[in-house]
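Visitor: Got a predicted structure here, sequence first:
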Amino acid sequence: MKPVSPDAKLAAVVGSSPLPRTELTKKLWAYIKKNGLQDKKVRTQINADDALKAVFNGKTKVSMFEMTKLVSGHVS
């Protein structure tokens, strides 16, 4: 896949180097799991910390499916 470049907000989570969307998703999930941000009861919900809140347009909770859409707005 063609590499995409994350903007400054997303780069705070996955790094600033261009990478394919598949790798970007892997890094995002690694960050979520490392920081325990997946909701314990509703496993499809992500609880945002300060870095992810910037990526999620200020939302504190998003679904996995909504996360994909919000992240798309932060790559070029």
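Guide: All right, it came through fine.
Visitor: What residues of the helix ranked longest in the chain count as buried?
Guide: Identified as the longest helix of the chain according to DSSP state H is helix 21-34. Buried residues in helix 21-34, counting neighbours by 16 or more other Cβ atoms under 10 Å, are found at 23-24, 27-28, 31-32. All C-beta spots, glycine's among them, are computed from the backbone N, C-alpha and C.
Visitor: which element is the residue of the chain most remote from its centre on?
Guide: Relative to the C-alpha centroid of the chain, counting by Cα atoms, centre = their mean, residue 41 is the outermost residue, at 19.9 Å. According to DSSP states H and E, residue 41 maps onto no helix or strand at all.
Visitor: Give the full set of residues in contact with the residue nearest in space to the middle of the chain.
Guide: Geometric centre of the chain, nearest residue: residue 28, 4.6 Å, by Cα atoms, centre = their mean. Counting by Cβ atoms under 8 Å, 6 or more residues apart in numbering, residue 28 touches 13-14, 67, 71.
Visitor: Let's test this: what are the backbone torsions at the residue nearest to residue 57 when sequence neighbours are not counted?
Guide: Residue nearest to residue 57 in three dimensions, not counting chain neighbours: residue 70, with 6.3 Å by Cβ to Cβ, 6 or more residues apart in numbering. Per-residue torsions, residue 70: phi -70, psi -40 (degrees, to the nearest 10).
Visitor: before we move on, the earlier item: I'd like the distance between the residue nearest to the centre of the chain and residue 36.
Guide: Using Cβ to Cβ, to the nearest Å, residue 28 is found at 14 Å from residue 36.
Visitor: avg pLDDT for the longest helix of the chain?
Guide: The average pLDDT within helix 21-34 is 96.
Visitor: What of stretch 49-56?
Guide: Per-residue scores along stretch 49-56 average to 96.
Visitor: just to revisit the earlier point, turn the contacts of residue 28 into JSON lines, including secondary structure and pLDDT.
Guide: Output for the contacts of residue 28, formatted as JSON lines (DSSP: H, G, I helix; E, B strand; the rest coil; pLDDT from 0 to 100):
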{"residue": "13", "secondary structure": "helix", "pLDDT": "96"}
{"residue": "14", "secondary structure": "helix", "pLDDT": "96"}
{"residue": "67", "secondary structure": "helix", "pLDDT": "94"}
{"residue": "71", "secondary structure": "helix", "pLDDT": "95"}
